[in-house]
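In: Structure for the following, please:
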Amino acid sequence: MSAPAEEIPYLDYAVRWRSGQAFPGRHAARASGQGGDFSAYRPFWQLPDARRIDVRRSIIDPFDDVVVRQTENRSSLTLMVAADLSRSMHAAEGSQKSGAVAMLAEAAARSAHRAGDAFGFVGFDEALSDDLYLPPSRARGAAADLVSRLRARRPNGGSANGIADLAQAMPPRRCLLVLVSDFLLPMALLEQSLLALARHDVAPVVLHDARERGIPAYGLLRVRDAETGRTRLLAMRPALRRRWQAARAEWRARLDALFLRHCRPAFHAESGLDIARLGEYLRAC
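Out: Alright, predicted model coming up:
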């Protein structure tokens, strides 16, 4: 069941690049205009538009130049969410990963509509998902059916190899892409995919299962392979626990380094996805 709209937080986001879209919005545009925010003073010969002449500034100009006011237009952009829907996103009973994807999609769609931006969604597991794809749209409520299907769906794809084709589903113009996954996939595949997405502003969101940090030092532990679903019984002991913790720390360090080379630094959701904290990350990075 979907939460009431008033309980879904807004995902406040920002970008540091200029949008080239023609639709008006709240983001800095590439082109200057007449009705935007003041940017700078320019000599008339650099910006020959008599409508922008600032008489007072021209009178006091030390070089006796005719001075015009340069303003910046505000434009909209496209916010995309791409989500891993493979089996590892629901590997254990009670996992919150797949529920976090639906919550993020709903929050992002509402926020994009409020900002006048287009919103789109791409799901993938072994391949791109046809039934969980929403092309960028500014229509109010366009994502409602998508969110319902996300909440009802249970991940079943054995891998997230579809991430390699993600660039094909992106809009031609640069967009803000929130890429959400647990990223339990080969590093080479992830790097190849990020290289293909280089024209876009990629913000990776890494979903963790809080129970993964609570592995006991002693006792029998039943573990499940995230992709195949096969289970195995382990006799946990301190040495094995230390090896597991070291391997996980190494994986996280490699993942963070990979993101720093190709896109924004990763946002790690350790104990559930906090939309407010994610918004702070998107505005700060």
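In: following the longest helix anywhere in the chain, which helix or strand comes up?
Out: Longest helix in the chain, counting residues (DSSP state H): helix 238-262. Note on helix 238-262: by DSSP states H and E, the next helix or strand toward the C-terminus is strand 267-269.
In: for the stretch 1-150 of the chain, what spans make up the strands?
Out: 24-33, 37-43, 67-75, 78-84, 118-124, 128-137 (DSSP state E, counting those that start in this stretch).
In: Which of those strands has the lowest mean pLDDT?
Out: With a mean of 50, strand 24-33 has the lowest mean pLDDT of those.
In: Please pull out the lowest mean pLDDT helix or strand from this structure.
Out: strand 24-33 (a mean of 50; mean pLDDT, DSSP states H and E).
In: low pLDDT regions in the stretch 101-250 of the chain?
Out: 155, 157, 210-230, 232-236 (pLDDT under 70).
In: The residue nearest to the spatial centre of the chain: helix or strand, and which one exactly?
Out: Centroid-nearest residue in the chain, with C-alpha atoms, centre = their mean: V178, separated by 1.2 Å. Assigned by DSSP H and E, V178 falls within strand 176-181.
In: How about V206?
Out: Assigned by DSSP H and E, V206 falls in strand 201-207.
In: So what are the sheet partners of that strand and their directions?
Out: strand 176-181 (parallel), strand 267-269 (parallel) (DSSP bridges).
In: Could you dump these into a markdown table with distance to V66 added?
Out: C-beta: built from backbone N, CA, C; applies to glycine. Output for the strands paired with strand 201-207, formatted as a markdown table (distance: least, C-beta to C-beta, whole Å):
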| stretch | distance to V66 |
| --- | --- |
| strand 176-181 | 40 |
| strand 267-269 | 49 |
